[in-house]
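J.: Fold the stuff below for me.
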Amino acid sequence: MQQTKTTGGQKLVAIGGGTGLSTLLAGLKRLVGKTEEELWIESLSAIVTVSDDGGSSGRLRDELQMLPPGDIRNCMIALSEDSTLLSRLFRYRFRGDGELGGHSFGNLFLAALTEVTGDFTEAIRLSSEVLASKGHIYPATISDVHLAAELEDGTVVRGETQISASKAPIRRLLLEPEQCLPLPQALRAIRVADIITVGPGSLYTSILPNLLVSQVARVIGQTRATKIFVNNLMTQPGETDGYSAREHLETIKKYAPEIHFDFVIVNNRRINSEQAERYAAEGAYQIGIDDNQIDEALDQTTEIVYADLLYDGEKVRHNSDRLAQVVLDCRKQAMNTVHV
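T.: Predicted coordinates for the structure are as follows:
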C-alpha cells in the first residue's frame, strides 16, 4: 500500500461563467502562491462561456462583431487586487440614456483593445496584465457562438436572454453552430490540471455552454484531475424552476456523460426567512438542503461534501474563501486516498 504525498502546488481550472465563477475565483486567488500552506495553487485558469447576448456585452457584440466581454471582465476583476483603482475602474458602469449609458468601462476597454490588437484572446491577456490578475482567463471558444433551446412545448428560443426569460422547461440546449472550435490554450490548461471545478453558475446559460464546445467535455473526462461539481445555492427563475441539487447534476451528466465527478459540493446552511421570502417573490428557492435523493444521481465513487458555504450578506451568494478552501480540501482528500 502506498499513500500519495499531500503537499505542493496545484494547477486548477475553474469552468463556468457569470457571478458564480467570479465568486469562486475571488476565493481561489488568495490561495495562489501560498507556499507555506500544506496545499496551495500554483496556477489558476478560468474557462468562461461567451454566449451572452444581453446588456452591454450584447450591444458590443452586435455593434462590433466581437465576442461578449462581460463574463470575461468579471473574472478579470475577481482575479485582480480588489483594492486597486484599476479594478474599481473596470467595474464602473456609465449612467444616463445616451449611447454610453449602461456600458461597463471594462467592457469598453476590452472592446478597444480587441480592435487595436485584432485578437480577443490577446486583449484578455493584456487586460489581465494591466489588472495584475492572479490567473489566466480563456474563452471556451473564439467562434461567434449563440445558444438555442428547444422547450418542452416544442418552441425553439435563441439567445441567452430569451432562454433565461422563457418559462417553459428546457428539453434540449444546443450551440449554434454546434461544431464550434475550442480554444487550444483552454484545452491545454485542462489536460495539465490537477483540479477541475465545474460551477457554480447558471446551469443552462453559464455552465453547459462551456461543456457543449467541441472536445471540452471529452478532454475533461480523459484527465486524471480531481473533478469537482459545485452546486448552486438557489434555483433560477425561467431556467431551473423546481430543480433539486440532484436534477442539476443529472442535467450535467445528460450533456457531458464523459465527465465523472469525484466530489459534489453542496451548501448545508439555510438562508434566513427574509431572504427566502424575497427570493420566493422572484420565483427562486434554495436547493440542496432537503434533497435526500442527490446520491441517486451519483455512482459509488463520487462523494458529496456538505459545508456551510453561505456569504453573510443581504444577497444569497457563496462565501468565496470558504468555497475555495473546501475545493482544496477535496483535492487533499483525493490525494490522501490509499492505493493498493
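
J.: buried sites along stretch 89-98?
T.: F90 (16 or more other C-beta atoms under 10 Å). C-beta here means a position set from N, CA and C on the backbone, and glycine is covered the same way.

J.: same question, stretch 100-115
T.: Buried residues in stretch 100-115, counted by 16+ other C-beta under 10 Å: H103, S104, F105, G106, N107, L108, F109, L110, A111, L113, T114.

J.: In contact with the fourth one: list those residues for me.
T.: Same thing as G106. Taking C-beta atoms under 8 Å, 6 or more residues apart in numbering as the criterion, G106 is in contact with P69, R73, M76, I77, L89, F90, R91, Y92, S127.

J.: With secondary structure added, can I get the residues you listed in a markdown table?
T.: Converted to a markdown table, the contacts of G106 look like this (DSSP: H, G, I helix; E, B strand; the rest coil):
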| residue | secondary structure |
| --- | --- |
| P69 | coil |
| R73 | helix |
| M76 | helix |
| I77 | helix |
| L89 | helix |
| F90 | helix |
| R91 | helix |
| Y92 | coil |
| S127 | helix |
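
J.: With respect to I163, which of those is nearest?
T.: Nearest to I163 among these: P69, at 19.9 Å, using C-beta to C-beta.

J.: ok, the closest one to Q162 distance?
T.: The gap separating P69 from Q162 is 20 Å, by C-beta to C-beta, to the nearest Å.

J.: ok so L174 is a strand residue?
T.: Yes. The assignment for L174, made by three-state DSSP, places it in a strand.

J.: Can you give me the neighbour number for S164?
T.: 18 (other C-beta atoms under 10 Å).

J.: now the strands for this protein?
T.: 2-3, 8-16, 39-48, 136-139, 146-151, 156-158, 170-176, 195-198, 226-230, 263-267, 303-307, 338-339 (DSSP state E).

J.: Rebuild these as CSV, extending it with distance to G242 and mean neighbour count.
T.: Shown next, in CSV, are the strands of the chain (distance: least, C-beta to C-beta, whole Å; neighbours: other C-beta atoms under 10 Å):
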stretch, distance to G242, mean neighbour count
strand 2-3, 44, 8
strand 8-16, 22, 23
strand 39-48, 28, 23
strand 136-139, 31, 25
strand 146-151, 15, 19
strand 156-158, 19, 14
strand 170-176, 12, 16
strand 195-198, 22, 26
strand 226-230, 20, 25
strand 263-267, 17, 25
strand 303-307, 21, 16
strand 338-339, 41, 8
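
J.: of these, which approaches R317 most closely?
T.: Proximity to R317, assessed across the strands of the chain by C-beta to C-beta, is greatest for strand 263-267 (10.7 Å).

J.: Work out the gap between the closest one and the centre of the chain.
T.: Distance of strand 263-267 from the chain centroid (C-alpha atoms, centre = their mean, to the nearest Å) equals 15 Å.

J.: Would you mind extracting the C-alpha trace of stretch 8-28 into CSV?
T.: The C-alpha trace of stretch 8-28 is given here as CSV (Å, rounded to 0.1, in the frame of the first residue of the first chain):
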residue,chain,number,x,y,z
GLY,A,8,2.6,21.0,-3.1
GLY,A,9,1.3,23.5,-5.7
GLN,A,10,-1.8,22.6,-7.7
LYS,A,11,-2.9,23.5,-11.2
LEU,A,12,-6.5,24.4,-11.0
VAL,A,13,-9.0,25.0,-13.8
ALA,A,14,-12.4,26.6,-13.0
ILE,A,15,-15.2,26.3,-15.6
GLY,A,16,-18.3,28.4,-15.8
GLY,A,17,-19.4,32.0,-16.1
GLY,A,18,-21.5,34.7,-14.5
THR,A,19,-21.5,35.6,-10.9
GLY,A,20,-20.9,32.1,-9.7
LEU,A,21,-17.5,31.6,-11.4
SER,A,22,-16.2,35.1,-10.4
THR,A,23,-17.2,34.4,-6.8
LEU,A,24,-15.2,31.2,-6.7
LEU,A,25,-12.2,32.8,-8.4
ALA,A,26,-12.1,35.6,-5.8
GLY,A,27,-11.5,33.0,-3.1
LEU,A,28,-9.1,30.8,-5.1
